[in-house]
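J.: Next input, structure requested:
(one chain, ligands or ions: 1)
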Amino acid sequence: MQIDNLVVGAGISGISAAWELQKAGKEYLICEASKKVGGCIATNRNGEFLWEEGPSSFLPKDEILSLISDAKLTDDVICVERKLPRFIFYNNKLNAVPASVLEFLTSDLLSFKGKLRLFIGLLGFIKPLPKHEESVREFFTRHLGYEVAERLVEPFVSGVYAGDIDCLTSRAVFAKVFKIAGKGILLPGIIPGLIKSKFSRHNKSKKILNPNMPKIKRGKLCNLTNGLDSLPKALIKVMGNNVRLNWQAIAIKKTQEGFVTTFKTEDGLTEVSSKNLILALPAYITANLLQGIDFEAIDNLNQIKYPPMASVITCWDQISAKNAPIGFGFLTPRSEGIRSLGTVFTSALFAGRCPSGYRLFTSFMGGATDSQVDKLSANDVAQQVIDDIAKCVDIPAQEAQVVASKLWSSAIPQYNKGHLEHLHKIKQAQKKFTGLYLIGNYFSGVSLGDCICNSQESIKPIL
Ligand SMILES: Cc1cc2nc3c(=O)[nH]c(=O)nc-3n(C[C@H](O)[C@H](O)[C@H](O)COP(=O)(O)OP(=O)(O)OC[C@H]3O[C@@H](n4cnc5c(N)ncnc54)[C@H](O)[C@@H]3O)c2cc1C
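T.: Numbering: from 1, shown residues only. Just a heads-up that it's a prediction; the model follows:
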């Protein structure tokens, strides 16, 4: 088969790239190894239960809202109230993350000294940027003090990256904060930086991506009435004959005209020749495939680690769960001795997730600080999660029901120290192959919105 544009991988990155090609009227094919689309997006249903084993919500970035509008799912967007509290389990109790100055001043999360240090640091009275690449912990300790780093930032990076605060690089994980903090007026801190960027931004008007997209305030968290997988499913339906499922790319060759990709399919091996080849795959799979074309940055791709992580979905009846507060959920700093990373109070966020009279929770365990999670049995992981919820929320472990669990053997790419150098080498190597495009969540953010932005930006030259 001969085609202009071949997209390999139908996670959100591949689908959004293919959708751009579809809208531009280009000839394309999108091939996916598994029998379903969406990649990490993993919505499941059983009776009145509906749960997410992968991403559980998304931030309303314009790019994802625009895609939702294209998929005709605007009316399906459901949002969490911004005021719903988030909790951190610290000092044997759930502490609401302060959402106002008053809440902050009265919060037990930081000591008086910790609060003072935060204010002084915010104003910019900090040590200068060191010569070495700063980890996320080093960056926030320097700017806001060790209590903020340990009790607020560390649980946050566990929640988003399942990462290790001592290995993740601040330059990539908190790229915007890093940039702002280095640009302050007179002083180098976060507030002086914010003031400066506010001044330099005030004339720029924001381009409206899609006038039909849902209007949602920044900071809210969203999902779709029938779960996140409705988005890839709706887009793929429109793509129709341009989609191949159960097609696993196993080899790539370079030819004068472009590339030949070999797929393992239910009907045997098939070759597809294409002028442009868009690989929307995890870095380690991309590395494997690119061995066939002498790609110079295979090692750099392989250096990006994806530690394992388990998602466990549990439910309690309302009476047993009466002590569970209404809120977004809780995160657990590693220092508190709780093994799981955190729990989302799923049914308190989105309607239609479980039968009435029940509360549904989604918990995560594993990641960079607990990479042995894949050595445990599914039962042991579920039991650990139940015991952790029972302890943090004070509800009876024996009343828990396990709805589902999933082990992601390679979950989220870690933007560890050295990540930006790896990306630089990968991009340099890519430039040597006209028509080769590498996209995915290892480039410029792991969130669904970031993946979509990265895809749209990367494939602009072929639209
Ligand atoms: C447990 C978990 C929770 C998360 N929570 C959130 C959240 O709440 N909010 C948020 O915004 N983000 C969250 N994320 C991150 C986000 O889901 C991912 O970063 C994003 O979905 C990645 O999309 P992708 O298309 O780049 O990669 P993937 O989703 O990994 O897609 C790659 C696709 O390529 C296919 N493939 C692999 N090999 C081949 C091959 N050889 N040939 C053909 N196809 C192949 C795979 O089957 C897959 O479909 C979470 C991720 C995980 C794992």
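J.: Mind listing what's buried along the helix or strand of the chain with the lowest mean pLDDT?
T.: Every helix and strand of the chain was ranked by mean pLDDT, DSSP states H and E. The lowest is helix 190-201, at a mean of 76. Using 16 or more other CB atoms under 10 Å as the test for burial, helix 190-201 gives 190, 191, 192, 193, 194, 195. (Each C-beta comes from the backbone N, C-alpha and C, glycine too.)
J.: ok, residues contacting that helix?
T.: 121-124, 143-144, 177, 179-186 (CB atoms under 8 Å, 6 or more residues apart in numbering).
J.: of the residues you listed, buried ones?
T.: Buried among those (16+ other CB under 10 Å): 121, 122, 124, 143, 144, 177, 180, 181, 184.
J.: Take those residues and keep only those in helices.
T.: In helices, defined here by DSSP state H, the members of the buried ones among the contacts of helix 190-201 are 121, 122, 143, 144, 177, 180, 181.
J.: and the ligand, which of the residues you listed reach it?
T.: Subset of those in contact with the ligand: empty, counting by CB under 6 Å from any ligand atom.
J.: Save those residues as a markdown table, and put in distance to residue 50 too.
T.: Converted to a markdown table, those look like this (distance: CB to CB, whole Å):
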| residue | distance to residue 50 |
| --- | --- |
| 121 | 43 |
| 122 | 41 |
| 143 | 40 |
| 144 | 38 |
| 177 | 35 |
| 180 | 39 |
| 181 | 41 |
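J.: Enumerate the residues of the chain near the ligand.
T.: Residues of the chain lying close to the ligand by CB under 6 Å from any ligand atom are 8-14, 31-34, 39-41, 54-58, 248-249, 280-282, 285, 309, 311, 408, 411-412, 440-441, 446-448, 451.
J.: Buried ones in stretch 349-361, by neighbour count?
T.: When burial is assessed from 16+ other CB under 10 Å, stretch 349-361 yields the following buried residues: 349, 350, 353, 354, 358, 359, 360, 361.
J.: how near is the closest residue to the ligand within the stretch 201-350 of the chain to residue 242?
T.: Distance from the ligand to each residue of the stretch 201-350 of the chain (CB to the nearest ligand atom) is smallest for residue 249, at 3.7 Å. Computed as CB to CB, to the nearest Å, the residue 249 to residue 242 distance reads 16 Å.
J.: again, but for residue 34
T.: Counting by CB to CB - residue 34 and residue 242 are separated by 17 Å.
J.: shaky segments in this structure?
T.: Within the chain, the segments meeting pLDDT under 70 span 184-186, 200-206.
J.: cutoff 90 now
T.: Along the chain, segments meeting pLDDT under 90 span 80-84, 99-105, 122-129, 158-160, 176-220, 292.
J.: biggest strand in it by residues?
T.: strand 268-280 (DSSP state E).
J.: what angle sits between the helix or strand just after it and strand 268-280?
T.: Following strand 268-280 in sequence order, the next helix or strand is helix 283-290 (DSSP states H and E). Computed by axes from the mean of the first three to the mean of the last three CA atoms, to 10 degrees, the angle separating helix 283-290 from strand 268-280 equals 130 degrees.
J.: For helix 283-290, give me every contacting residue.
T.: Helix 283-290 is contacted from outside by 8, 249-252, 279, 281, 295, 298, 301-302, 304, 306, 410, 413, 438, 440, 442, using CB under 8 Å, 6+ apart.
J.: before we move on, what about stretch 156-176?
T.: So stretch 156-176 is contacted by 133-140, 149, 153-154, 177-178, 307, 309, 331-332, 334, 341-342, 364, 366-369, 411-412, 414-420, 446-447 (CB under 8 Å, 6+ apart).
J.: pull the longest helix from the protein.
T.: Longest helix in the chain, counting by DSSP H: helix 378-393.
J.: in the helix or strand just after it, what's buried?
T.: Using DSSP H and E, the next helix or strand after helix 378-393 towards the C-terminus is strand 401-408. Across strand 401-408, burial judged by 16+ other CB under 10 Å covers 402, 403, 404, 405, 406, 407, 408.
J.: what inclination does strand 401-408 have with respect to helix 378-393?
T.: Using the same axes, to 10 degrees: strand 401-408 against helix 378-393 is 120 degrees.
J.: Show me what the very next helix or strand once past strand 401-408 is packed up against.
T.: Scanning forward in sequence from strand 401-408 by DSSP H and E, the next helix or strand is helix 419-431. Where contact means 3 or more CB pairs under 8 Å, 6 or more residues apart in numbering; DSSP states H and E, helix 419-431 is packed against helix 170-173, helix 298-302, strand 436-439.
J.: Swap in 10 Å and give it another go.
T.: Under the contact criterion of 3 or more CB pairs under 10 Å, 6 or more residues apart in numbering; DSSP states H and E, helix 419-431 touches helix 170-173, helix 283-290, helix 298-302, strand 436-439.
J.: In JSON lines: those, plus mean neighbour count.
T.: Formatted as JSON lines, the helices and strands packed on helix 419-431 follow (neighbours: other CB atoms under 10 Å):
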{"stretch": "helix 170-173", "mean neighbour count": "22"}
{"stretch": "helix 283-290", "mean neighbour count": "21"}
{"stretch": "helix 298-302", "mean neighbour count": "18"}
{"stretch": "strand 436-439", "mean neighbour count": "23"}
